[in-house]
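Undergrad: predicted model and sequence follow; I will ask about them next.
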Amino acid sequence: MRLLDQIDSPQDVRALDAAQLGQLADEVRSFLIRQVSRTGGHLGPNLGVVELSIALHRVFDSPRDPIIFDTGHQSYVHKILTGRRDDFGTLRQQGGLSGYPSRAESEHDWVENSHASVSLSWAEGMARGLQLRGETDRSVVAVVGDGALTGGMAWEAINNIVVDQDLPLIIIANDNGRSYTPTVGGMAHHLSALRTDRRYEKTLDVIKRSVTGAPFFGKQMYEWLHGLKIGLKDVLAPQGLFGDLGLKYVGPIDGHNIADLERALQQAKGFGGPVIVHVLTEKGHGYDPALAHEQDRFHSIGQIDEITGEPLKNAKRTWTDAFSEELLAIGRERGDVVAITAAMLHPTGLQRFAEAFPERTIDVGIAEQHATTSAAGLATAGLHPVVAIYSTFLNRAFDQLLMDVALHHCGVTFVLDRAGVTGSDGASHNGMWDLSLLQIVPGLRLAAPRDEVRLRRCLREAVAVNDAPTVLRYSKEPIVAEIPAIEQIGTLDVLARAEDAKVLVVAYGQFAGMGIEVAERLGQQGIGVTVVDPVWALPISDDLVDLARNHDLVLTLEDSGEVGGMGSHLSQYLRKHEVWTPLREFGIAQEFLAHASRAQVLEQVGLTPQEIARYAVEFVARTTDHAPGPSGPDPHSISR
């Protein structure tokens, strides 16, 4: 019987003797590779924290001592050790385990966090709350990656943490030198200097030998160790960042040595105040295919061959591929175009541009706010920045987009990958918020291209605008080569049109194809339909107003939130122009959507051609004396 099969709680982990811990780590790593290769998920980050997670659950008493994971995609091992091992076959599937911490799953998950750089603020608040309640025998642990420490919010938290030297808070700086790709910025250079200095390694051996044979509980031992570290830091890193901020520091510690980890964590716990434990780990540790994958060390994978690490499905062409190629072409034509990424060069498709124009590619780390205002500065200096990020991460930079880019009339193009329902990553990663925020920004133009032809065309139109922000949004789904327009009505692309059309379907982006399918279903019921794609959803086209005036019903279909989406904006615009045609918005329900496949989520919220066509048939049946067709449409004849 595997040792892992006996682990159903942290108490079981603490009951093991030191000789069993290496075996447990090996079994956990093998289990991760086998399970995640079948379901997909964040494999590399979790392979790197196996020993760290074991040590955390041996030193701290979860859930009494809260363990907070920054981002949370490295919490798989934590899930395995807290009784969820047997559910891993359902990882990221509907009704199964979340790919991030989930309070609904376990009392050991305190924060459902999947955006970076926020764990220290959570932990500071929780630790201060315990302190105010007089529960001084409890600790709060925050596990934060070196990539997340590039985010400004982490440093805002540290600024407050160091004020109170009695705060029961331990910060684990999980330093693997990577977020997706190698971590950038001053913080990364500082940690890299510590990792690579040979004098540091020699002195670490002296400290290790001294500490191994000595008591390590309480402040006295800690202060002795810390005194050595201060001297060492002053020799090797005179501007030692954490010490200068007043934060107690232990490390660097070998993140794959459980004994060393436990010793350091006990020291930090015994100090009784805020401590940072600097842990060196290797992303993808113990799995050769991950280590050989220099791009991101298998940060996030689909289904792969467990042995070779090769994808099981042939990769299809994506929107990211098309954007990457077109931006490179534009970069060759225009020397003023620069690219900005927030630690996601490869995921957003900027690697081609970066390889050709490294001096015009800027990686700011996990710092979307800084990226946006820096882009405003670049635009003011006469360049045209293209900021490529995931839709869900634009939320973090809204104030900067509004007050720095738009207010100052800066020509900055934002390219939002993973817009709309993304599915398996869960509530925090559905790109459903951007349009609701962006439609209130004065002067902003937004396009949701329906196919590759439109994507390339819209990107060129966007970078030609130098006095206002422009936005392109697109899906993570495979790209469609072309959905041709059958005619133009002013600025609108007409995708389908019946001579006696009573229903106007406005469908753009990923839902353009769905609009055509809705028209086909209604046509079978004798209801004429016009389907148009505005391409540029913002601002609202006057051509769309005129077209709405000449139909009996307007349906808007969009892969974004129905509250504040293009449909609600169009409804308000029509009323302003005294057009009273009934309008029904079909978009993503304004709720946090549980992880499932994209198709399952869309069906759950009623965004299917069947449901949309059913609504139109029922509307026609209610509002006409003699509906189209021999006996009028039968709403129940629309197949599900």
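TA: The structure has been received and is ready for your questions.
Undergrad: verify the contact between Q610 and E520 for me.
TA: No. Using CB atoms under 8 Å, Q610 is not in contact with E520, being 11.7 Å away. C-beta: built from backbone N, CA, C; applies to glycine.
Undergrad: buried stuff in stretch 510-525?
TA: Judged by neighbour count (16 or more other CB atoms under 10 Å), stretch 510-525 contains these buried residues: 510-519, 521-523, 525.
Undergrad: which one in those is the model shakiest on?
TA: Among these, Q510 carries the lowest pLDDT, at 89.
Undergrad: give the phi and psi angles for that one, as a check.
TA: Backbone torsions for Q510, taken as degrees, to the nearest 10, come to phi -60, psi -20.
Undergrad: what helix or strand does A173 sit in?
TA: Per DSSP states H and E: A173 is located in strand 169-175.
Undergrad: report the mean confidence score over the helix or strand hosting E51.
TA: Secondary structure from DSSP H and E places E51 in helix 50-59. Average pLDDT, helix 50-59: 94.
Undergrad: could you do stretch 608-615 as well?
TA: For stretch 608-615, mean pLDDT is 94.
Undergrad: quick one: list the elements packing against the helix holding E51.
TA: Judged by 3 or more CB pairs under 8 Å, 6 or more residues apart in numbering; DSSP states H and E, helix 50-59 is in contact with helix 10-14, helix 18-39, helix 76-79, strand 140-145, strand 169-175, helix 258-271.
Undergrad: figure out which of these is closest to S424.
TA: Among those, the nearest to S424 by CB to CB is helix 18-39 (8.8 Å).
Undergrad: next SSE downstream of that closest one?
TA: On the C-terminal side of helix 18-39, the nearest following helix or strand under DSSP H and E is helix 43-47.
Undergrad: for that next one, C-alpha coordinates in PDB please.
TA: The C-alpha trace of helix 43-47 is given here as PDB (Å, rounded to 0.1, in the frame of the first residue of the first chain):
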ATOM      1  CA  LEU A  43       1.400  21.000 -13.100                       C
ATOM      2  CA  GLY A  44       4.800  22.800 -13.000                       C
ATOM      3  CA  PRO A  45       4.000  25.100 -10.000                       C
ATOM      4  CA  ASN A  46       2.800  22.200  -7.900                       C
ATOM      5  CA  LEU A  47       5.700  19.900  -8.700                       C
END
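Undergrad: give me the contact list for the strand holding A173.
TA: Contacts with strand 169-175, where a contact means CB atoms under 8 Å, 6 or more residues apart in numbering, come from 48-49, 52, 56, 74, 120, 123-124, 127, 139-146, 149, 161, 191, 195, 247, 251-252, 255, 265, 268-269, 273-281.
Undergrad: of those residues, just the buried ones, PyMOL syntax please.
TA: A single PyMOL command is used to select the members of the contacts of strand 169-175 judged buried by 16+ other CB under 10 Å:
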select buried, resi 48+49+52+56+74+120+123+124+127+139+140+141+142+143+144+145+146+149+161+191+247+251+252+255+265+268+269+273+274+275+276+277+278+279+280+281
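Undergrad: quick revisit: relative orientation of the strand holding A173 and helix 50-59 in degrees?
TA: Between strand 169-175 and helix 50-59, the angle comes out at 170 degrees (axes from the mean of the first three to the mean of the last three CA atoms, to 10 degrees).
Undergrad: please compute how far strand 169-175 lies from its chain's middle.
TA: Relative to its chain's centre, strand 169-175 lies at 21 Å (CA atoms, centre = their mean, to the nearest Å).
Undergrad: ditto for stretch 19-29
TA: 31 Å.
Undergrad: cool, and stretch 394-402?
TA: 15 Å.
Undergrad: got a pLDDT number for L21?
TA: 94.
Undergrad: quick check: chain neighbours aside, which residue is closest to it?
TA: Among residues not flanking L21 along the chain, I258 sits closest, at 4.7 Å (CB to CB, 6 or more residues apart in numbering).
Undergrad: what residues does stretch 594-609 touch?
TA: For stretch 594-609, the surrounding residues in contact (CB under 8 Å, 6+ apart) are 92-96, 98-99, 421-427, 430, 477, 511, 514, 517-518, 521, 557, 586-589, 593, 612.
Undergrad: generate a PyMOL selection restricted to the buried subset of these.
TA: Selection of the buried residues among those in PyMOL, burial being defined by 16+ other CB under 10 Å:
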select buried, resi 92+93+96+98+99+421+422+423+424+425+426+427+430+477+511+514+517+518+521+557+586+587+588+593+612
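Undergrad: return the subset of the contacts of stretch 594-609 lying in strands.
TA: Judged by DSSP state E, the contacts of stretch 594-609 include 557, 586-588 as members of strands.
Undergrad: and E477, how far from C458?
TA: Using CB to CB, to the nearest Å, E477 is found at 17 Å from C458.
Undergrad: repeat for T320
TA: Distance of T320 to C458, computed by CB to CB: 15 Å.
Undergrad: who has more neighbours, these two?
TA: Taking other CB atoms under 10 Å, T320 and C458 do not tie; C458 has more neighbours (24 against 21).
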